[in-house]
Each structure stands twice: as C-alpha cells, then as structure tokens.
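1. Need coordinates for the following:
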Amino acid sequence: MSIFHHFINGEWIASDKTRLNINPSNPDEVIGEYAEASVQDMESAVVAAAEAAKVWSSSTPQQRFEVLDFIGTEILARKQELGLLLAREEGKVLPEAVGEVTRAGFIFKFFAGEALRIGGQAIASVRPNMEVLTSREAVGVVGLITPWNFPIAIPAWKTAPALACGNAVVLKPSELTPGCAWALAEIISRSGLPKGVFNLVMGDGVAGKTLVEHRAVDAISFTGSTQTGKLIAQHCALNLKKYQLEMGGKNPLVILDDADLSVAVECAVNGAFYSTGQRCTASSRTIVTEHIYDSFRDAMLKRTQALKVGAAVESTTQIGPVVDQRQLDKNLHYIQIGKDEGGALLTGGERLAGSGYFFSPAIIENHNPQARLNQEEVFGPVSTLVKVKNFEEAMTVANATPYGLSGGICTTSLKYASQFRREMQAGMVMVNAPTAGVDYHVPFGGTKASSFGPREQGGMALEFYTKVKTHYLA
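-> Residues are numbered from 1 along each chain as shown. You can find the predicted model right below:
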C-alpha cells in the first residue's frame, strides 16, 4: 500500500506515524495510508513558510495568476478522477463530489483573476501638497485548518486567496479526509510556486494545536466546530494573531401558507438531507405555518421516504453514508434525545443494513423551539418539523438559536420574502431555494456563533488575507 507523505518546503516528507483513510461506504476498503504529523513536522512546515513568505510576498501579480490558473486548470481537467476520490473518502454521492471538485477548480480560477486586481486607493489629503495612498500587503504565514465535509472545496477557498495575496500557507486538513488535500497539494507542487510557499501537514488535533500556537504563524483561518473555534479565538486574541472562524449552524427553512408546495418540499429535502446533511448550511429546522402544515408534512414524508441511501459511487444513490462511526453514533444519539424530549419520529433515524455507515434520513416533529434538537447542531440527515401560527411567529422561532449562518423561506409573497431578508439573523438568506448551496465567487459566512471575522470567498476574502498600509508623500 502506498504511503502519502506531508509536503514541506517543496519536498515530500515521511512521518513516523501514519493513519488509514477508510471508505465510509465500505469500511473494509482502505483508500490509502497517510502521514500523521509530529510536532516537529509542523515546526518544519511553519519555519519553511516563514522563509518563503519573504519571497512570495514580493512576487508579481502575473506570477500569482499563472500559479493559480495552472492549479485551477488541472483540477477541472481531473474533476471525474478527483470526484471519485472524494466520494470514496468522504461519502458524498458521485455527482455532488464531482460538483465540489469543479467548484474548487473555479475557485482557483477566480482568485487567479483577483491576483491581478489587488490594488489600493488614492485619497485626497486635508493638507496641501500632500498625497495619500493605501496599499494591500500579504499578512505573512497563514495557517489553514479545514474540515472533512468539503475536503477539497474548503481547502481551495482558503488556499487560493491566501496565495493570491502573497502569503505562505500551512494547510492542516481533517484527519478523516486527507486524500483530497494531498491530491490538491500534489497539483500545487507542480504549479511553479517557490518551495515553502505551500505546505501540507496531515494529522489530528495535536497538529492543529501546534499550528495555531506557533509564534511564526501570523493568521489562522479555521472551519469546524464552534467549541474548537472558541479555543482558537482565545489563543489568537491573547497573542494578537489575526483569525477567521467558520463554525456551526442550525439553519431554518420557513414554509408559509402561500408557498408553492412542490418547491417547498424540494427545498426542504435538498437542504436537510443532500450531502447526507453534513453541511454547515443544511436546513435542520423546517418551520411551517399552520394552514399548509399537514399537506407539507405529508408531502415531505413521502419525498424523504423515496430517497435512495447507499454507496456513494452507485449511480442510483441519492444519499451516501455518514463520514464515520463516530458521526453515526452522534446521529443515533440525537434521535434518542429527540424522542426523550417528546418529539415524534415520523420517519428514518435508523442505521441501515450494509457494511457502510448508512443512516436513514430522519424527520422529527417537535413544536418546541427550545428543544435540544431545535437548538443543537447534529450535522447529519436529521430535520425537525415545527408548526407555527404565522409569519411573525416563524421569524421569532427562526432567529431563536445561537447560530446565524443561513436561513431560507418558501413563499410567493414579495412582501414576506423582503421582510424575511431584512429580519433573518443570518449571513446568507435564500428565497425559494435550499439553505445549502452557494456560488463560489460571492461572500460566504454568518453571524452570531456561526462565524467570526471577515467573509470567506469572493472579493471580500482579500480582507482577511491582506493588511492595509497608508502612504504619505509630500
């Protein structure tokens, strides 16, 4: 079996420890054996990045464009191959996996263009014969910590803007899905980057902690749990490091009486269950007004029960496995919590037959907005149904969580759609569309406990990966 090594200072570096990468559709299948970082591995990567940052920060926009464009072009050319790898290691069904790889390619292409557009301002001074200019400069060494649920798209949308702005990067992907990050690193290794500008260090939380706490790291961009995000924020604040956090969500989808029923059902099922519900933007709460409630519930149940759960690479599969045994146990645990709280399990919520980590999409009816299942993120294909009287109550319930990432509404009323967009306490709002699924060239992020710091993706990503300098010329 091949062993896949770290990429540090332009070389593939072995490690004393390794970890097996398992296919969640068939845990007996080993995808590969991947290096597991020691503290010294991470130390070497950061030191290499600190040296390389001095060179890359002075590179030309054209150099950055060519590197990023090369990466994006190869990702797109290999989207079927890389999509199959993603489906095998994470469990996302093959069409979604290929779509994610395609998105990663377009992200690099987008930031190739952004590298040519990074500029500043000329500002009139209040003093005579004085010229004032601003410019954007690289932050330095940026540590990127990415999760397992989007194992190539999230590394792409952090790495691409970091490189476009002239930073050196140390990427620490999730230990559950190192394969896609390694494949991305292999492409980057042939892109023409100077050695040390991009480094891949694989491992668990020990590697991540070492990266966060290293004195030579200037900024941390993290996607993961709110609990871990808070710990990172504490360290970075105490040590005056720049940080960016994308964390949890408990996203509502509001269905009003005037909604198109078929549109509402498709939005609810797609948002709650596709990608096995393993999206921070998944609509895990479906809030429905009383006059359409019964017909919507029956239609959603029918649609959910028709979903085909199975191996990610099978052409008929619509919902793949959850990522591992721990996540499967968590899903089952929350189903029991939902029952103990008095919720009615309408469908699903069971481990299905087969060797993989297969879990049937679950709908639990619980009209108490403060129930744990309506407040805590499960991160699986579990949706609650909450009945409310009207739009006003729906808005109160929708906003009554610690999170604020995404929120959606299904309605044919321009008035209510507009009011929802104003009043929803979330970074992203959707009208007659699933709460999950965003374009690669627009800002991504939330409010409250979902996000902290400048937005990711799109042109606004440059806010995090650069620092502003003001120039006075007399």
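2. Asn23 and Ile31 touch, don't they?
-> Yes - Asn23 is within contact range of Ile31, at 5.8 Å (criterion: Cβ atoms under 8 Å). Using the backbone N, CA and C atoms, a C-beta is placed for each residue, glycine as well.
3. what residues are shared contacts of these two?
-> Taking Cβ atoms under 8 Å, 6 or more residues apart in numbering as the criterion, Asn23 and Ile31 both touch Arg88, Glu89.
4. what about these two, which has more around it?
-> Between Asn23 and Ile31, counted using other Cβ atoms under 10 Å, Asn23 has the larger neighbour count: 22 against 17.
5. ok, and the closest non-adjacent residue to that one?
-> Glu29 (4.1 Å; Cβ to Cβ, 6 or more residues apart in numbering).
6. Kindly report the same for Val47.
-> Nearest non-adjacent residue to Val47, counting by Cβ to Cβ, 6+ apart: Ala216, 6.8 Å away.
7. Which secondary structure elements does the lengthiest strand in the chain sit against?
-> As assigned by DSSP state E, the longest strand anywhere in the chain is strand 26-36. Packing contacts for strand 26-36, counted by 3 or more Cβ pairs under 8 Å, 6 or more residues apart in numbering; DSSP states H and E, involve strand 3-4, strand 17-23, helix 79-90, helix 178-189.
8. ok, 10 Å please
-> strand 3-4, strand 6-8, strand 17-23, helix 79-90, helix 178-189 (3 or more Cβ pairs under 10 Å, 6 or more residues apart in numbering; DSSP states H and E).
9. winner for burial among these?
-> Greatest average neighbour count among those goes to strand 6-8 (a mean of 26), per mean count of other Cβ atoms under 10 Å.
10. tell me the contacts of Ile71?
-> 104-105, 107-109, 111-112, 156, 159-160, 163, 184, 187-188, 190-193, 198 (Cβ atoms under 10 Å, 6 or more residues apart in numbering).
11. rewinding a little: model confidence for the residue nearest to Asn23, exactly?
-> At Glu29, the model reports a pLDDT of 96.
12. From Ala259, how far off is it?
-> Glu29 sits 43 Å away from Ala259, going by Cβ to Cβ, to the nearest Å.
13. Who has more neighbours out of the two?
-> Ala259 (23 against 13).
14. Just give me the neighbour total for the closest residue to that one other than its chain neighbours.
-> Nearest-residue entry for Ala259: Cys410, 4.0 Å, with adjacent residues in sequence omitted and distances by Cβ to Cβ, 6+ apart. Per other Cβ under 10 Å, the neighbour tally for Cys410 reads 28.
15. Next up, the contacts around Cys410.
-> Applying Cβ under 10 Å, 6+ apart, we find Cys410 in contact with 253-256, 258-261, 263-268, 286, 288, 292, 296, 417, 430-434.
16. Model confidence for it, exactly?
-> So Cys410 comes in at 98 (pLDDT).
17. Who is it paired with across the strands?
-> Counting by DSSP bridges, Cys410 is bridged to Ile255.
18. does the nearest residue to Arg279 once chain neighbours are set aside count as helix, strand or coil?
-> Spatial nearest neighbour of Arg279, chain neighbours left out: Ala436 (4.6 Å); criterion: Cβ to Cβ, 6+ apart. Here Ala436 takes the coil state, with states given by DSSP: H, G, I helix; E, B strand; the rest coil.
19. hang on, Leu144 in a strand?
-> Yes - judged by three-state DSSP, Leu144 forms part of a strand.
20. ok, now how distant is it from Ile220?
-> 8 Å.
21. Mind listing the shared neighbours of those two?
-> Each of Val170, Leu211, Gln244 lies in contact with both Leu144 and Ile220 under the rule Cβ under 10 Å, 6+ apart.
22. Now Ile220: which helix or strand?
-> Element membership for Ile220, per DSSP states H and E: strand 219-223.
23. which helices and strands sit right next to that strand?
-> Right, strand 219-223 is packed against strand 141-145, helix 153-164, strand 168-172, helix 205-213, helix 226-238, strand 242-246, helix 462-465 by 3+ Cβ pairs under 10 Å, 6+ apart.
24. then stretch 284-294 to PDB, C-alphas only?
-> Extracted in PDB, the C-alpha atoms of stretch 284-294 (Å, rounded to 0.1, in the frame of the first residue of the first chain):
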ATOM      1  CA  SER A 284     -32.100  21.200  10.000                       C
ATOM      2  CA  ARG A 285     -35.200  23.100  11.200                       C
ATOM      3  CA  THR A 286     -38.300  23.300   8.900                       C
ATOM      4  CA  ILE A 287     -40.700  25.900  10.300                       C
ATOM      5  CA  VAL A 288     -44.200  25.600   8.700                       C
ATOM      6  CA  THR A 289     -47.300  27.800   9.200                       C
ATOM      7  CA  GLU A 290     -50.400  26.000  10.300                       C
ATOM      8  CA  HIS A 291     -52.700  26.100   7.300                       C
ATOM      9  CA  ILE A 292     -50.100  24.400   5.000                       C
ATOM     10  CA  TYR A 293     -48.600  22.300   7.700                       C
ATOM     11  CA  ASP A 294     -50.400  19.000   7.200                       C
END
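25. Perfect, that will be all.
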